[in-house]
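Asks: structure here, sequence nowhere to be found:
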């Protein structure tokens, strides 16, 4: 018995997931830059905690997006996945 139900994504959802990846990467880079730019005297401050939290949130969102797109690309029966898969 399968525990995971495979549901094909709509073409619009796939396009939106592909577009939002760059937003998540930019958020991760800005959060990491903010975390690295803090000097040592403020390392234990609130700004470091916020930057670290934002970095973790953007990393989690990027991971979930990548997994969703990966799972969608693995569905052979889905015509949307066949149309939107890049041929290399």
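Replies: Structure's in. What do you need? Everything quoted here is computed from the prediction, not taken from an experiment.
Asks: going forward, measure contacts between C-alpha atoms and count neighbours the same way
Replies: Will do.
Asks: which residue, neighbours along the chain excluded, lies closest to residue 32?
Replies: residue 55 (6.4 Å; Cα to Cα, 6 or more residues apart in numbering).
Asks: and the strand or helix carrying that neighbour, what does it pack onto?
Replies: With elements taken from DSSP states H and E, the one containing residue 55 is helix 46-73. In this structure, helix 46-73 packs against helix 11-37, helix 79-84, with contacts taken as 3 or more Cα pairs under 8 Å, 6 or more residues apart in numbering; DSSP states H and E.
Asks: what is the longest one packed up against?
Replies: Under the contact criterion of 3+ Cα pairs under 8 Å, 6+ apart, the helices and strands touching helix 11-37 comprise helix 46-73.
Asks: in the helix it packs on, what counts as buried?
Replies: 48, 51-52, 54-55, 57-59, 61-62, 65, 69, 72-73 (16 or more other Cα atoms under 10 Å).
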